[in-house]
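Asker: Structure of the sequence below:
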Amino acid sequence: MIENRDIYQEKREFIKQQLSEFYDPIVALLTANSRIFSRIGPTSEARISGLFDDNETAQVWIKLSKEVIVPNNMRVCEIIESKFHLRDKEDEEDEYLEFVTHSYAYQVFKDGAYEAYRLFPYPEVLKRAKSTRDRLRYELDSCYTEQKKGFF
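Answerer: Predicted structure coming up:
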């Protein structure tokens, strides 16, 4: 019985570490980026609709890209590079590695409209990280529920 308790304790601690050091920060940073991009990025309704001054929105986008999106991307890259061992075993690694590649390329291409930028598309890493984070939260809650029921 004690061994099971120790195993569940280790599992809970590892999931907490995965969430707090890998998935939660990635989701928070990329969600902020996504919201900025969808509200004022080059393909946003605000830019396409003509309801706002195009020069002004372009300048705001450039500033937000430089001061928020790029630094957030670099923080996510640092998390991926230093905490990759915390990635869940069921989580595909390629999306995260593609994000790192995309982010480094974006730093170069953001200053000009280069056709080659299409070679570095944005991967669906936010969707993947959210999905895995939600599953891990469920697993963590299940560990506590099982403990309360006296399974270990």
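
Asker: Quick one: list the elements packing against the helix ranked longest in the chain.
Answerer: Using DSSP state H to define each element, the chain has its longest helix at helix 125-148. Contacts defined by 3 or more Cβ pairs under 8 Å, 6 or more residues apart in numbering; DSSP states H and E place helix 125-148 against helix 2-18, helix 24-40, helix 94-109. Bear in mind the C-beta positions are built from the backbone N, C-alpha and C, glycine included.

Asker: So for Leu86, which of the ones you listed sits nearest?
Answerer: With Cβ to Cβ, the closest approach to Leu86 among those belongs to helix 2-18: 4.7 Å.

Asker: what's the angle from the helix or strand bottoming out on mean pLDDT in the chain to helix 125-148?
Answerer: Using mean pLDDT, DSSP states H and E, the weakest-scoring helix or strand in the chain turns out to be helix 2-18, at a mean of 83. Interaxial angle, helix 2-18 versus helix 125-148 (axes from the mean of the first three to the mean of the last three Cα atoms, to 10 degrees): 150 degrees.

Asker: oh, and call the first residue 48 from now on, that's how I've got it
Answerer: Fine by me, first position is 48 from now on; the one you just mentioned is helix 49-65.
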